[in-house]
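Asker: coordinates for the following, if possible.
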Amino acid sequence: MVLRKIVNINETLCNGCGSCIPRCAEGALQIVNGKAKIIKETYCDGLGACLGQCPQGAISITEREAPAFDEKEVHEHLKNRDSTPKNVAEPQVEETLKKPQWPVKINLVPLQAPFYQNTELLVAADCAPVALENFQNFLPKKRVVIGCPKFDDARSYAQKLGEILKLNAIAGVTVVHMEVPCCTGLKWAVDRAIEYSGKKIPVKEYEIKIGGEIVEL
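Answerer: From the prediction side, this is the model:
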C-alpha cells in the first residue's frame with residue numbers, strides 16, 4: 001500500500017449513466033449494480049481523465065492509501081477485456097436496463113455508455129409520453145432519448161444520434177412522433193444518423209394521431 005492519488009466515486013450522486021467509462025483508458029471503471037465503480041485499484045492511475053465527464057459531479061480525486069498503480073496489470077486487463085465475447089456482458093446489460101436512465105434529452109445524453117450496449121434506442125418526441133396514455137408500451141428493453149425538432153436543430157440531432165449509433169452496439173431504433181409535420185424531423189434525423197454510422201440498423205416508425213391513435217408507418 002502507498003499513499004497516492006486515486007479516483008473517488010460518490011455513490012449517492014452517481015446515477016450509472018456511464019459517461020465516465022470511455023474516458024478511462026485503463027479500463028478501471030465499470031458500471032456495477034447501476035453505479036460506476038473502480039473494479040481494481042491497481043488499474044486506476046489517479047490522473048483523473050474521467051473528471052468533468054460526470055453530469056452529476058460524482059467523481060473526484062482523493063489522496064489515500066491504496067495499492068500502487070500497475071501498468072503491467074492494466075495491459076493484461078485491457079488485452080483480456082478486448083478479447084471477451086460480446087455476449088458475456090449481456091447479463092450486466094439486463095441489470096442496467098432495470099435502473100433509471102437520466103438524462104434523456106438528445107442534447108444531454110452521453111455519446112457512449114454501457115447502458116446503450118445490445119439494446120434498442122427509442123427516439124421519441126418529447127410530448128409523446130404526455131399525449132399517449134400507453135406510451136409505456138414502447139419502453140421494454142429500450143433506452144430512451146427525447147427531443148423536439150421544432151425548437152431544436154434536427155441536423156444537430158442527426159449528428160449526435162449518428163455518433164451514438166457509431167460508438168455503441170445498438171440493435172435497433174424505434175421512432176415515435178406526433179402527427180404534426182415538424183415532428184417528422186425526428187425520423188429524418190434518425191435516417192441521417194444511420195447513414196453516418198455506416199451500420200445497417202433496423203428502424204420502426206410510429207405516428208401518434210391527434211386523437212391518440214397509433215399508426216405504424
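
Asker: what is the neighbour count of the residue lying closest to Trp102 once chain neighbours are set aside?
Answerer: Distance criterion CB to CB, 6 or more residues apart in numbering; nearest residue to Trp102, sequence neighbours excluded, is Asn15 at 5.6 Å. Bear in mind the C-beta positions are built from the backbone N, C-alpha and C, glycine included. Using other CB atoms under 10 Å, Asn15 has 18 neighbouring residues.

Asker: show me what contacts Asn15?
Answerer: Shown in contact with Asn15 (CB atoms under 8 Å, 6 or more residues apart in numbering): Gly34, Gln56, Ala58, Pro100, Trp102.

Asker: then Lys199?
Answerer: By CB under 8 Å, 6+ apart, Lys199 lies in contact with Leu165, Lys166.

Asker: ok so it is a helix residue?
Answerer: No: in this structure, Lys199 is coil, not part of a helix, as judged by DSSP: H, G, I helix; E, B strand; the rest coil.

Asker: how far away is it from Leu165?
Answerer: Distance, Lys199 to Leu165, using CB to CB, to the nearest Å: 6 Å.

Asker: and what of Asn107?
Answerer: As judged by CB to CB, Asn107 and Leu165 stand 16 Å apart.

Asker: looking at these two, which one has more neighbours?
Answerer: Neighbour tally, Asn107 and Leu165, criterion other CB under 10 Å: the higher count belongs to Leu165, 22 against 12.

Asker: is it true that the more buried one touches Ile201?
Answerer: Yes: contact criterion CB atoms under 8 Å: Leu165 and Ile201 qualify, at 6.3 Å.

Asker: and the gap between the spatially closest residue to Asp70 that is not a sequence neighbour and Glu76?
Answerer: Leaving out its chain neighbours, the residue that sits closest to Asp70 by CB to CB, 6+ apart is Thr42, at 4.2 Å. When distance is defined by CB to CB, Thr42 is 11 Å away from Glu76.

Asker: quick one: low-confidence parts of the chain?
Answerer: Residue ranges of the chain with pLDDT under 70: 53, 82-101.

Asker: which residues touch the nearest residue to Cys50 once chain neighbours are set aside?
Answerer: With CB to CB, 6+ apart as the criterion, Cys50 has its nearest non-adjacent residue at 4.1 Å, and that residue is Cys20. For Cys20, the contact set (CB under 8 Å, 6+ apart) comprises Leu29, Ala36, Cys50, Gln53, Cys54, Ile59.

Asker: which among those count as buried?
Answerer: By neighbour count, with 16 or more other CB atoms under 10 Å, the contacts of Cys20 hold Leu29, Ala36, Cys50, Gln53, Cys54, Ile59 as buried.

Asker: please flag which of these sit within strands.
Answerer: Those of the buried ones among the contacts of Cys20 mapping onto strands are Leu29, Ala36, Ile59, per DSSP state E.

Asker: could I get the buried residue list for stretch 190-209?
Answerer: Buried, per 16+ other CB under 10 Å, within stretch 190-209: Val190, Asp191, Arg192, Ala193, Ile194, Ser197, Glu205, Tyr206, Glu207, Ile208.

Asker: out of those residues, which is nearest to Asn134?
Answerer: The closest of those to Asn134 turns out to be Ile208 (CB to CB; 10.6 Å).

Asker: now the closest one: phi and psi?
Answerer: Per-residue torsions, Ile208: phi -100, psi 120 (degrees, to the nearest 10).
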